[in-house]
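# Mind folding the following:
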Amino acid sequence: MRIALAQLNPVIGDVNENSQKIHSAISKAREQECGLVMFPELALSGYMAEDLM
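Numbers count the residues shown, from 1 in each chain. All right, here's what the predicted structure looks like:
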């Protein structure tokens, strides 16, 4: 099984932008025939969730 590790630079609070980055990483992993793609925690919302408060 091939595993891809996605290194993203998420934008804090921009779920739409971050989801586009995630979809792009998945597409690239598919091209490489990966069966699993790993993302950093809070890749969708950005890492510093307390900044949204």
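# Please enumerate the helices of the protein.
Using DSSP state H, the helices of the chain run over 15-31.
# Can you pull up the most central residue in it?
Ile22 (3.8 Å; Cα atoms, centre = their mean).
# For it, give its distance to Ile3.
16 Å (Cβ to Cβ, to the nearest Å). Yep, even glycine has a C-beta here, placed from its N, CA and C like the rest.
# Likewise for Tyr47?
Distance, Tyr47 to Ile3, by Cβ to Cβ: 22 Å.
# so how far is Gln32 from the residue nearest to the centre of the chain?
Ile22 is 16 Å from Gln32, by Cβ to Cβ.
# and if you look at Val11?
From Val11 to Gln32 the distance is 25 Å (Cβ to Cβ).
# Compare these two and say which one has the larger neighbour count.
Val11 (13 against 9; other Cβ atoms under 10 Å).
# Ignoring the adjacent residues along the chain, who's closest to that one?
In space, and not counting its chain neighbours, Val11 is closest to Glu17: 4.9 Å by Cβ to Cβ, 6 or more residues apart in numbering.
# just Leu36 next, same as before
Ile3 (4.7 Å).
# Cross-check the contact I'm expecting between that neighbour and Cys34.
Yes: between Ile3 and Cys34 a contact is recorded at 6.3 Å, counting by Cβ atoms under 8 Å.
# higher neighbour count, those two?
Each of Ile3 and Cys34 has its neighbours counted (other Cβ under 10 Å); Cys34 has more, 16 against 10.
# wait, doesn't the more buried one sit right on Ala25?
No: contact criterion Cβ under 8 Å: Cys34 and Ala25 do not qualify, at 10.0 Å.
# joint contacts of those two?
Listed contacts common to Cys34 and Ala25 are Ala4; contacts here mean Cβ atoms under 8 Å, 6 or more residues apart in numbering.
# surely Val37 meets Ala25?
Yes: taking contacts as Cβ under 8 Å, Val37 lies within contact range of Ala25: 6.3 Å.
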